[in-house]
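Engineer: fold the following and give me the result.
(chains A, B, C and D)
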Number of protein chains: 2
Amino acid sequence: MKLEKFIQSVVDMPQSVLQEMCGYFKKVNLPKGTQILEQGQTCKKLYFIEKGLARSYYYNEKGKDVTVWFFSDNNLMVSVESFFQQKPSLYQMELLENSITYEISYDNLQKLFDRYHCVERFGRRVSIDLLTDLVDKLNAIQFQTAKERYAFLIDKYPDIAYRAPLGHIASYLGITQETLSRIRSEI
Amino acid sequence: MKLEKFIQSVVDMPQSVLQEMCGYFKKVNLPKGTQILEQGQTCKKLYFIEKGLARSYYYNEKGKDVTVWFFSDNNLMVSVESFFQQKPSLYQMELLENSITYEISYDNLQKLFDRYHCVERFGRRVSIDLLTDLVDKLNAIQFQTAKERYAFLIDKYPDIAYRAPLGHIASYLGITQETLSRIRSEI
DNA sequence: CTAATTTTTTGATATAGGTCAAAAGATTTA
DNA sequence: TAAATCTTTTGACCTATATCAAAAAATTAG
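Structural biologist: The predicted structure is shown next:
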């Protein structure tokens, strides 16, 4: 099972805890287009995506739809601040493909955090990994041209580059879709 | 003691653990200009800044000095990925003011993580807080004009806006110093 | 299979903010 | 306190990318 492997790749834990933890995750197949979370709602569940694609996004002041993050195979999907601080989310989340996911509720995960030091460590490590990815993206965006940003995406997340719609990728990279379309046609 | 208060604001822990934890932190007064970490070095220490200002930065391909993050009073200062994953840092860190700091070594913090579930939780919470700040900054930079980015800084980190040199602030916001200078003169 | 809708491409034009250069102001050093 | 160094400001000019508009292509729905 991929979820088991994922957890073990992050932290080494006793087989019994691993089994208990996996037991709290419930397998759910969700169709493309499913809205996982609405703006203003508190994120109650954390998902592991076994196979699929999703994104978090929001509408800015001008009403433009801006993609914040993509989630794909073998990764966790969650609105971090909303879930961990149990406060209303600034972002929405939706599935871009039919997906096989495993979900765990906040309360159940909290129980596991309380009960097992190693699960708490899992949480810490996962957060730090996310943080690292985020710093990478920030640097890519902060001082690079549109072309370089797209190169960064292809290099780091090649699957997303060809699975996600162009408009979503463009806003994720902080450029317009017209510009991204022109960059693609150049290559 | 400010460090104690900071820890307690993040996680509630038994007085005994709090005391032991604080005991591992060593008070160090460091002068302005101190290089805390060089590019390529592995970050061995995590700092709590009681009073002072620092930044992390790197030189990009064009040799331009780019500020990644500021650290100031009552916050932790660390090169996150380098410290927690004990790998060479992409960034340098330096003090921008004479500072009062408390340092703890990676090994000692690791000991505390191993020994106390609540310290592990402290680590998780701190990471998530950082993550939240980072997401905020990313959004500010991704789709806002130079003026709006500066407004974001003033709103969110007013102390930095007037304590850090203009050039560092500009690169932190992903704009040139000339542009920031013009924005300031408009206000 | 066709119509309706959504996504992507292409073209023309405008502009925010970059680059380069040099002056003015501040801070540090001896 | 003068010289040296570093930081900020100002000006002129230029370019990458945004915006607006409309056609073309792809996808979805009836």
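Engineer: longest helix of chain A?
Structural biologist: Selection of the longest helix in chain A by residue count, based on DSSP state H, yields helix A:117-142.
Engineer: run the chain-centre distance for the next helix or strand after that helix.
Structural biologist: Reading on from helix A:117-142 to the C-terminus, the next helix or strand found by DSSP states H and E is helix A:146-156. Using CA atoms, centre = their mean, to the nearest Å, we find the averaged C-alpha position of helix A:146-156 to lie 19 Å away from the chain's own average C-alpha position.
Engineer: helix A:146-156 versus helix A:117-142: what angle between them?
Structural biologist: 150 degrees (axes from the mean of the first three to the mean of the last three CA atoms, to 10 degrees).
Engineer: which strands or helices does helix A:146-156 pack on?
Structural biologist: Here helix A:146-156 touches helix A:117-142, helix A:158-163, helix A:166-173, helix A:177-186, going by 3 or more CB pairs under 8 Å, 6 or more residues apart in numbering or on different chains; DSSP states H and E. C-beta coordinates here come from the backbone N, C-alpha and C atoms, glycine included.
Engineer: how about the first one: buried residues?
Structural biologist: Burial within helix A:117-142, assessed by neighbour count using 16 or more other CB atoms under 10 Å in any protein chain shown, is assigned to A:117-132, A:134-135, A:137-142.
Engineer: is that helix anywhere near DNA strand C?
Structural biologist: No. Contact of helix A:117-142 with DNA strand C is not found when judged by CB under 7 Å from any atom of the strand; the minimum separation is 9.8 Å.
Engineer: which other helices and strands contact that helix?
Structural biologist: Contacts defined by 3+ CB pairs under 8 Å, 6+ apart place helix A:117-142 against helix A:2-10, helix A:15-24, helix A:106-115, helix A:146-156, strand B:65-72, helix B:80-85, helix B:117-142.
Engineer: near DNA strand C, which residues of chain A?
Structural biologist: So far as CB under 7 Å from any atom of the strand goes, chain A lies against DNA strand C at A:165, A:166, A:167, A:177, A:178, A:180, A:181, A:182, A:184, A:185.
Engineer: how much space between the fourth one and chain B?
Structural biologist: The spacing between residue A:177 and chain B, counted by CB to the nearest CB, to the nearest Å, is 13 Å.
Engineer: what do you get for the third one?
Structural biologist: Computed as CB to the nearest CB, the residue A:167 to chain B distance reads 14 Å.
Engineer: tell me the pLDDT at that residue?
Structural biologist: On the pLDDT scale, residue A:167 is placed at 95.
Engineer: thought it was touching residue A:177?
Structural biologist: Yes. Taking contact to mean CB atoms under 8 Å, the distance of 4.5 Å between residue A:167 and residue A:177 places them in contact.
Engineer: contact residues of chain A facing chain B?
Structural biologist: A:60, A:64, A:66, A:68, A:80-81, A:84-85, A:113, A:117, A:120-121, A:123-124, A:127-128, A:130-132, A:134-135, A:137-139, A:141-143, A:171, A:174 (CB under 8 Å from any CB of the partner chain).
Engineer: of the residues you listed, list those near DNA strand D.
Structural biologist: When contact is defined as CB under 7 Å from any atom of the strand, these meet DNA strand D at residue A:174.
Engineer: give the contact list for residue A:50.
Structural biologist: A:2, A:3, A:73, A:74, A:99, A:100, A:101, A:102 (CB atoms under 8 Å, 6 or more residues apart in numbering or on different chains).
Engineer: quick one: the helix or strand that contains it to chain centroid distance?
Structural biologist: Here residue A:50, judged by DSSP H and E, is contained in strand A:45-51. Strand A:45-51 has its average C-alpha position 9 Å from the chain's average C-alpha position, going by CA atoms, centre = their mean.
Engineer: likewise for stretch A:144-159?
Structural biologist: Relative to its chain's centre, stretch A:144-159 lies at 18 Å (CA atoms, centre = their mean).
Engineer: stretch A:124-137 too?
Structural biologist: When C-alpha coordinates are averaged (CA atoms, centre = their mean), stretch A:124-137 and its chain have centres 11 Å apart.
Engineer: and the contacts of it?
Structural biologist: In contact with stretch A:124-137 (CB under 8 Å, 6+ apart) are residues A:10-11, A:76, A:80, A:152, A:156, B:68, B:80-81, B:84-85, B:113, B:120, B:123-124, B:127-128, B:130-131, B:134-135, B:138.
Engineer: ok, and the closest non-adjacent residue to residue A:173?
Structural biologist: Taking CB to CB, 6 or more residues apart in numbering or on different chains as the measure, residue A:173 lies nearest to residue A:149, with 4.4 Å between them; neighbours along the chain are not counted.
Engineer: pLDDT score assigned to residue A:81?
Structural biologist: pLDDT, residue A:81: 86.
Engineer: looking at it, residue A:45 is touching residue A:107, isn't it?
Structural biologist: No. Using CB under 8 Å, residue A:45 is not in contact with residue A:107; the gap is 10.0 Å.
Engineer: burial count for the closest residue to residue A:77 other than its chain neighbours?
Structural biologist: What sits nearest to residue A:77 in space, not counting adjacent residues and going by CB to CB, 6+ apart, is residue A:71, at 3.8 Å. Neighbour count for residue A:71, taken as other CB atoms under 10 Å in any protein chain shown: 23.
Engineer: what's the answer for residue A:61, then?
Structural biologist: Under the criterion other CB under 10 Å, the count of neighbours that residue A:61 has is 8.
Engineer: and it, what are its phi and psi?
Structural biologist: Taking degrees, to the nearest 10, you get phi -50, psi -30 for the backbone angles of residue A:61.
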